[in-house]
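Colleague: okay, predicted coordinates and the sequence, questions at the end:
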Amino acid sequence: MNIQKRVMAIHDISCVGRCSLTVALPIISAAGFDCGVLPTAVLSTHTGGFTGFTYRDLTEDIKPIAAHWNSLGLRFDALYSGFLGSFEQLALVADLFDHLKSQNSFVLVDPVMADNGRLYSVYSEEMAKGMAGLCAHADIIVPNLTEAAFLLDEPYVGDNYDRAYIEALLKRLTLLGAKQVVLSGVSYEPGMLGAAGYDSVTGETGYFALKRIDGYFHGTGDVFGSSLLSGLLSGRKLTKAMEIAVRYTHRCIVLTEAAEQEKRYGVCFEKAIPYLIELLA
Ligand code: PXL
């Protein structure tokens with residue numbers, strides 16, 4: 001029997017500016033999975049590149065929602081968390097993971113909190129420490145280089161690193177508790193950009209990169225995480241799913257460049273969905 005796999009995506013809704021749930025839900029659905037959502041906050045726009053955004057923290061709703069789901073005995077094949085609405089949500093989400101996973105589920109935590117060497121404006125150092133604790137509840141974590149530095153309380157090295165540094169960093173990240181790590185925004189060669197992965201169970205490391213397109217493209221972390229998760233749920237091993245995610249994210253950026261639109265509105269991930277489906281076939 002071919003039962004459709006179920007995902008629970010736990011991120012904010014940024015009403016405008018394609019990121020978090022407005023990216024995760026369509027990508028995971030297009031990949032063929034039943035995707036439920038738990039909104040952690042509702043913002044009029046995301047926090048990067050807009051001023052004056054509204055922010056409704058949905059922390060108070062999580063417990064009653066979880067209680068209802070528990071009464072239904074719900075279980076998901078994958079649990080995927082990203083941007084959280086408050087520090088208190090870290091413990092609530094860890095608890096949700098415990099209740100909603102089953103024997104063959106995996107938990108993917110994207111420790112969304114920082115980029116380019118800096119925490120997002122709405123987050124504190126305390127949040128960064130708490131996020132390291134949430135990573136202990138994950139099977140896979142997907143930080144960028146800035147988030148990796150915050151999680152490990154190490155200096156951010158910018159572009160100043162080599163393969164040996166990244167491979168050692170990946171190993172230190174698995175010590176937080178997740179067996180697998182995919183680090184986004186990694187480059188071992190000039191003019192290229194991609195991701196590096198490590199599976200501490202098999203000892204396998206991987207790297208995949210494509211031609212770097214200069215500029216900051218908003219929401220690409222969520223595009224990357226959602227396509228990585230889709231690859232894993234389609235049965236690909238970590239390094240292959242990582243390659244799919246790099247290819248799809250890169251295509252989204254290429255299409256956005258071609259569309260010459262304001263970068264703060266996110267990438268044209270919709271136009272590349274046929275390509276993602278091809279990659280997952
Ligand atoms: O894409 C990450 C993200 C998610 N949600 C919100 C954000 C950001 C990044 O800035 O502001 C609200």
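Modeller: Now that the structure is in, tell me what you want to look at. Numbering: from 1, shown residues only.

Colleague: I253: what's it in contact with?
Modeller: Taking Cβ atoms under 8 Å, 6 or more residues apart in numbering, we find I253 in contact with I213, F217, T220, V267. Yep, even glycine has a C-beta here, placed from its N, CA and C like the rest.

Colleague: hang on, isn't G206 packed against M242?
Modeller: Yes - using Cβ atoms under 8 Å, G206 is in contact with M242, at 6.1 Å.

Colleague: close to the ligand: what parts of the stretch 51-200 of the chain are there?
Modeller: F83, V112, Y120 (Cβ under 6 Å from any ligand atom).

Colleague: again, 8 Å this time
Modeller: Within the stretch 51-200 of the chain, the positions adjacent to the ligand are G82, F83, V112, D115, Y120, V122 by Cβ under 8 Å from any ligand atom.

Colleague: ok, of those residues, which come out buried?
Modeller: G82, F83, V112, D115, V122 (16 or more other Cβ atoms under 10 Å).

Colleague: the last one against F53, yeah?
Modeller: No - in this structure, V122 sits apart from F53 without contact. The criterion is Cβ under 8 Å, and the distance is 9.4 Å.

Colleague: who wins for neighbours among the contacts of I253?
Modeller: For the contacts of I253, the largest neighbour count, defined by other Cβ atoms under 10 Å, is 27 neighbours, found at V267.

Colleague: turn the buried ones among the residues of the stretch 51-200 of the chain next to the ligand into CSV, columns for secondary structure and pLDDT.
Modeller: As requested, those are exported to CSV (DSSP: H, G, I helix; E, B strand; the rest coil; pLDDT from 0 to 100):
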residue, secondary structure, pLDDT
G82, coil, 98
F83, coil, 98
V112, coil, 97
D115, strand, 95
V122, coil, 89
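
Colleague: can I get those in CSV with distance to P143?
Modeller: Converted to CSV, these look like this (distance: Cβ to Cβ, whole Å):
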residue, distance to P143
G82, 11
F83, 13
V112, 9
D115, 10
V122, 18
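
Colleague: relative to the ligand, which of these is nearest.
Modeller: The ligand has its nearest neighbour among those in F83, at 3.6 Å by Cβ to the nearest ligand atom.

Colleague: just checking, that closest one touches H11?
Modeller: Yes - F83 is in contact with H11 according to Cβ under 8 Å; the separation is 5.3 Å.

Colleague: give me the common contacts of these two.
Modeller: S20, T40, V112.

Colleague: ok, so of those residues, who is nearest E88?
Modeller: The nearest member of the shared contacts of F83 and H11 to E88, counting by Cβ to Cβ, is T40 at 10.7 Å.

Colleague: how close does the closest one sit to the ligand?
Modeller: Counting by Cβ to the nearest ligand atom, to the nearest Å, the separation of T40 from the ligand is 9 Å.

Colleague: go on, T146?
Modeller: 12 Å.

Colleague: tally of neighbours for that residue?
Modeller: Neighbours of T146 (other Cβ under 10 Å): 20.

Colleague: hang on, it in a strand?
Modeller: No - under DSSP: H, G, I helix; E, B strand; the rest coil, T146 sits outside any strand and is assigned helix.

Colleague: mind listing the residues bridging to the closest residue to it other than its chain neighbours?
Modeller: When the adjacent residues along the chain are set aside, T146 lies closest to A114, with 4.4 Å between them (Cβ to Cβ, 6 or more residues apart in numbering). Note on A114: beta-bridge partners by DSSP bridges are L119.

Colleague: what segments of the stretch 1-150 of the chain are strands?
Modeller: Taking DSSP state E, counting those that start in this stretch to define them, one finds strands in the stretch 1-150 of the chain at 6-16, 34-45, 55-57, 76-81, 101-109, 114-115, 118-119, 140-141.

Colleague: which helices and strands does the longest one pack with?
Modeller: The criterion is 3 or more Cβ pairs under 8 Å, 6 or more residues apart in numbering; DSSP states H and E, and the helices and strands that strand 34-45 contacts are strand 6-16, helix 21-30, strand 55-57, helix 59-72.

Colleague: one more pass at 6 Å, please.
Modeller: strand 6-16, helix 21-30, strand 55-57 (3 or more Cβ pairs under 6 Å, 6 or more residues apart in numbering; DSSP states H and E).

Colleague: what does the fifth one give?
Modeller: Taking 3+ Cβ pairs under 6 Å, 6+ apart as contact, the helices and strands that strand 101-109 lies on are strand 76-81.

Colleague: now for the strand it packs on, which elements pack on it?
Modeller: strand 6-16, helix 88-100, strand 101-109, helix 220-233.
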